[in-house]
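Visitor: Task: produce atomic coordinates for the following.
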Amino acid sequence: MLPISPQILAALPSVIRRPTRAEWSNDGGQTWHDCGLSDGKISADRTAETRYQADAVLTGVEMSRDEVNTVSTQVRLWQGVVIPRTSVEWIPAGRYKVTGAEVLRTGSVAVELDGLEDELRRAEFPIARVIGPDSARVLTEQLVAEALPGEAVAWRPGVAADTTIPAVFSDGDRWDVLSSSPTGSGSGGIAQAIGAELFFDASGIPTMAPIPTLDDPVVWRIGQGTGGVLVEPATQQSSDGLFNIVAATGDGGGGTEAVGPVVVWDDDPNSLTYAGPDPVNDPLAPQRLGLPWVRLRTMRYSSALLTSVGQAEAAARALLADSLGVQSSLSLTAICNPALEAGDVVEVEVSPGMWERHVIDSLSWSLGGTSMSCTTRTTSRRL
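Guide: Numbering: from 1, shown residues only. The predicted structure is shown next:
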């Protein structure tokens, strides 16, 4: 969760004012200029390659070479929160690249905004090149700096930043080398190879973070009833993107020794996605043990960046954690907490007195609004 004072967090249901703010920059964020904001809608989705996206209507600016344009302009949005007897506490609501702009009849400028991942995606290599070998930290910071001079990468605790990444050949873009799809498709980039995810946070800082799991600390409780913050829960289920076995293999080619496959699986007998005690060496165990409900859904993941068994296992466990529970999700509307981030763990009162841990996969809200919508997931357990 983004920084927010404890008194503000505890008093969100009694917020008396929610001011908003916008700024623009044409020099890569060295200088920021205030402007008006008459409307803004924010979405943050950790399952998308661009985490933060927004639409906004800016006032007091022009669409021109020297002000708002789709070539050089970045926009920062802010959500303020005021409770009785306090001043405004400002919380960042994203730093964006302007990807579309239109002058309205009122003279305001409506803009379409994408997070800065888009800058890395567009920064294709002019010619094919070999990257590495070096540590994940050095290579990530180098590739980010090439596309976004002056941007420092934040490394959250738990990320194996000093893992050695072998030399990799690429004729694509820097984003492909750094991080592929969060769903685990493709051969993966540096982030997947170290069991992490790369994104730009609400302040626009490129961030390498561990894959969130339900074992992470709870940052907020979303309860029902008087004084609670839960407005409307709706339980949903889907099997899209669900797998309970991951087999990870590293093979750099060129005669190098292959790593793996290293196989991990859901080994919780109380889980609906339980894969059995050992689906690799004892696949008939469910039949022998009388577990006819066990089903296997396997994902094979191969990357030339996996150079050790330990690294392959870490990558496989991260991919497994990112899938388990996706089939049991909760869509809810709650009092707007602009400090929440996609990937945060919350406790939700799904029915009176029954609390569940959930990982937030996506959230959306209107700047200045009192409510927000979240989509979450939790581990399904057999009762």
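
Visitor: CA only for contacts and neighbour counts going forward, please
Guide: Will do.

Visitor: can you list the weak-confidence ranges in the stretch 251-383 of the chain?
Guide: 252-256, 324-329, 379-383 (pLDDT under 70).

Visitor: just the helices in it please.
Guide: 285-288, 309-323 (DSSP state H, counting those that start in this stretch).

Visitor: Any idea which residue is closest to the centre of this protein?
Guide: The C-alpha lying nearest the average C-alpha coordinate of the chain belongs to Arg46 (CA atoms, centre = their mean; 2.8 Å).

Visitor: thought Met169 was touching Arg129?
Guide: Not Met; residue 169 is Phe. Yes: with contact defined as CA atoms under 8 Å, Phe169 and Arg129 form a contacting pair (5.8 Å).

Visitor: ok, how many other residues are close to the closest residue to Glu119 other than its chain neighbours?
Guide: Spatial nearest neighbour of Glu119, chain neighbours left out: Ala147 (7.0 Å); criterion: CA to CA, 6 or more residues apart in numbering. Residues lying near Ala147 (other CA atoms under 10 Å) number 18.

Visitor: and of the helices of the stretch 251-383 of the chain, who's closest to Ala202?
Guide: Ala202 sits nearest to helix 309-323 of all these, at 21.3 Å, using CA to CA.

Visitor: residues of the closest one that come out buried?
Guide: Burial within helix 309-323, assessed by neighbour count using 16 or more other CA atoms under 10 Å, is assigned to 309, 311-323.

Visitor: Contacts made by it with the rest, please.
Guide: Around helix 309-323, the neighbours that count as contacts under CA atoms under 8 Å, 6 or more residues apart in numbering are 183-184, 192-196, 210-213, 241-250, 259-260, 262-266, 301, 306.

Visitor: Can you flag the buried ones in these?
Guide: 183-184, 192-196, 210-213, 242-250, 259-260, 262-266, 301, 306.

Visitor: how close does Gly204 sit to Gln224?
Guide: Per CA to CA, to the nearest Å, Gly204 is found 33 Å from Gln224.

Visitor: actually Val259, not the one I typed
Guide: Taking CA to CA, one finds Val259 at 49 Å from Gln224.

Visitor: before we move on, what about Ala56?
Guide: Ala56 is 32 Å from Gln224, by CA to CA.

Visitor: same thing with Leu2?
Guide: With distances taken as CA to CA, Leu2 is found 23 Å from Gln224.

Visitor: Compare those two (neighbour count), which wins?
Guide: Gln224 (19 against 16).

Visitor: So that one: helix, strand or coil?
Guide: coil (DSSP: H, G, I helix; E, B strand; the rest coil).

Visitor: wait, doesn't it sit right on Glu349?
Guide: Yes: at 6.2 Å, Gln224 counts as touching Glu349 under the criterion of CA under 8 Å.

Visitor: Do I have it right that Met372 meets Ser362?
Guide: No: counting by CA under 8 Å, Met372 does not reach Ser362; the two are 10.6 Å apart.

Visitor: More neighbours: the two, which one.
Guide: Between Met372 and Ser362, Ser362 has the larger neighbour count (other CA under 10 Å), namely 23 against 20.

Visitor: which ones are touching that one?
Guide: Ser43, Ala44, Asp45, Arg46, Thr47, Ala342, Gly343, Cys374, Thr375, Thr376 are the contacts of Ser362 under CA under 8 Å, 6+ apart.

Visitor: Quickly list what the closest residue to the third one other than its chain neighbours is bridged to.
Guide: Once its chain neighbours are removed from consideration, Asp45 has its nearest residue in Ser362; the separation is 4.2 Å (CA to CA, 6+ apart). Per DSSP bridges, the residues bridged to Ser362 are Asp45, Thr375.

Visitor: quick one: Ser362 from Gln79, how far?
Guide: 18 Å.

Visitor: Equivalent analysis for Met372, please.
Guide: Relative to Gln79, Met372 is positioned 13 Å away (CA to CA).
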